[in-house]
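> Next input, structure requested:
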Amino acid sequence: MTYFAAALARTPGGWAAEELDLSELGDLEAVVDELRELTGDGPGPALLLLEEDDEHVAVVRVDGGLSSLDDPRVFLSDERAAQASDVAAMLWEGDAPPADGDEDDDDAGRVLAEPVGDSDLLADLGTPAEDLLALCAEEGLLPSDVLAAVCERAGCLDALEQLREGVTA
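Sure thing, here's the model as predicted:
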């Protein structure tokens, strides 16, 4: 599976961003440590924005800089991703759905996504829970489009686009 993982942190000088190789980090705690390093001692927030195989989105949020002991907040656009993807499973510590759970089929035979986690984690950055869920459910909208919309509302779209284009600040 291929993925794009962007770490973005609000700092006094604007949004800092870097692309992350999650295979090098190994677990959620290492991801959280990386996000806290990006904010330094600032209040943040720091976000991990993940899109994988044009299938799902994951967001991890950490507030409070290096001294914060707050737990990370995690959102997955589809709980099945935790079963199908090692990267999503690393980020999601909740229960994964059963292996052959296809009882959520709609009339067209397409399995409906079931978002899990804290859908309100971006509310103070311009994307309340209902908007995040609507973006994830909108037919034809790719995960990259969802992340772009979230970043536009938060004011960090330029930083995300620079990462996608391979431009380092």
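> can we go C-alpha only for contacts and neighbour counts from here?
Will do.
> the helices in this protein, which residues?
Here the chain has its helices, by DSSP state H, at 28-39, 81-84, 86-91, 129-137, 143-154, 157-164.
> so which of those helices gets nearest residue 119?
When the helices of the chain are compared for distance to residue 119 using CA to CA, the nearest one is helix 129-137, at 4.8 Å.
> got the buried residues for that closest one?
131, 132, 133, 135, 136, 137 (16 or more other CA atoms under 10 Å).
> so can I have a markdown table of those residues showing pLDDT and distance to residue 63?
Shown next, in a markdown table, are the buried residues of helix 129-137 (pLDDT from 0 to 100; distance: CA to CA, whole Å):
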| residue | pLDDT | distance to residue 63 |
| --- | --- | --- |
| 131 | 97 | 21 |
| 132 | 98 | 19 |
| 133 | 97 | 22 |
| 135 | 96 | 24 |
| 136 | 95 | 23 |
| 137 | 94 | 27 |
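> wait, which of these is closest to residue 84?
Using CA to CA, residue 136 comes nearest to residue 84 of the buried residues of helix 129-137, at 17.9 Å.
> Surely that closest one and residue 77 touch.
Yes. With contacts counted by CA atoms under 8 Å, residue 136 reaches residue 77, the gap being 6.2 Å.
> list the residues that contact both of the two?
residue 57 (CA atoms under 8 Å, 6 or more residues apart in numbering).
> Have a look at the chain and report its longest strand.
Scanning the chain for the strand with the most residues, using DSSP state E, yields strand 3-11.
> gap between that strand and the chain center?
Put simply, strand 3-11 sits 9 Å off its chain's centre (CA atoms, centre = their mean, to the nearest Å).
> In its sheet, which strands sit next to that strand, and in what direction?
According to DSSP bridges, strand 3-11 has the following sheet partners: strand 14-19 (antiparallel), strand 46-52 (antiparallel).
> From the centroid of the chain, which residue is nearest?
residue 59 (1.9 Å; CA atoms, centre = their mean).
> pretty sure that one contacts residue 51?
No. Here residue 59 lies out of contact with residue 51, judged by CA under 8 Å, at a distance of 9.0 Å.
> remind me which residues of this structure are low pLDDT?
Scanning the chain for pLDDT under 70 picks out the ranges 1, 65-69, 95-111, 167-169.
> Buried ones in stretch 44-56, by neighbour count?
For stretch 44-56, the neighbour count (16+ other CA under 10 Å) marks 44, 45, 46, 47, 48, 49, 50, 51, 52, 56 as buried.
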